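**Student:** Mind looking at a prediction? Sequence and model below.
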Amino acid sequence: MQEKLTYHIDIVSDKPSGYFVKVRELRGCMTQGETVPEALINIADALMVYTQSCVNHNEISNLRVVRKKCRR
């Protein structure tokens, strides 16, 4: 059975160039996009590359699981 990992995404307006986005729990997992939808697509790609790199280098412990829920 696979374990579900949950991550928090931070998006910051970086006018005039667009939006900066990062995965809060994964140091170095970040990207940017001209629009919010583009930034979200880019961070999904970055997350896939980051996790595959961790698997390839046997660094699974870098993929921490977040168990608490965000406050609204």
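**Tutor:** Good, I have the coordinates.
**Student:** And the helices in this structure, which stretches?
**Tutor:** 36-56 (DSSP state H).
**Student:** quick one: contacts for the residue minimising distance to the centre of it?
**Tutor:** The structure's the chain has its C-alpha centroid closest to V23; by CA atoms, centre = their mean the separation is 3.1 Å. Residues in contact with V23, defined by CB atoms under 8 Å, 6 or more residues apart in numbering, are Y7, H8, I9, C29, M30, I43, A46, L47, Y50. (Each C-beta comes from the backbone N, C-alpha and C, glycine too.)
**Student:** which residues does it form a beta bridge with?
**Tutor:** Beta-bridge partners for V23, by DSSP bridges, are I9.
**Student:** Provide the backbone phi and psi angles at E25.
**Tutor:** Per-residue torsions, E25: phi -90, psi -10 (degrees, to the nearest 10).
**Student:** where does the chain have low pLDDT?
**Tutor:** 1-3, 61-72 (pLDDT under 70).
**Student:** what about 50?
**Tutor:** For the chain, the stretches flagged by pLDDT under 50 are 66-72.
**Student:** Pull up the gap between S17 and E59, please.
**Tutor:** 31 Å (CB to CB, to the nearest Å).
**Student:** Can I get the contacts of V23 in a markdown table including distance to V36 and neighbour count?
**Tutor:** Listed next are these as a markdown table, based on distance: CB to CB, whole Å; neighbours: other CB atoms under 10 Å:
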| residue | distance to V36 | neighbour count |
| --- | --- | --- |
| Y7 | 17 | 17 |
| H8 | 16 | 11 |
| I9 | 11 | 15 |
| C29 | 18 | 20 |
| M30 | 15 | 15 |
| I43 | 11 | 25 |
| A46 | 15 | 19 |
| L47 | 16 | 18 |
| Y50 | 20 | 19 |
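**Student:** which one of the residues you listed is nearest P37?
**Tutor:** The nearest member of those to P37, counting by CB to CB, is I43 at 11.0 Å.
**Student:** The closest one and V12: what is the separation?
**Tutor:** Applying CB to CB, the value for I43 to V12 is 12 Å.
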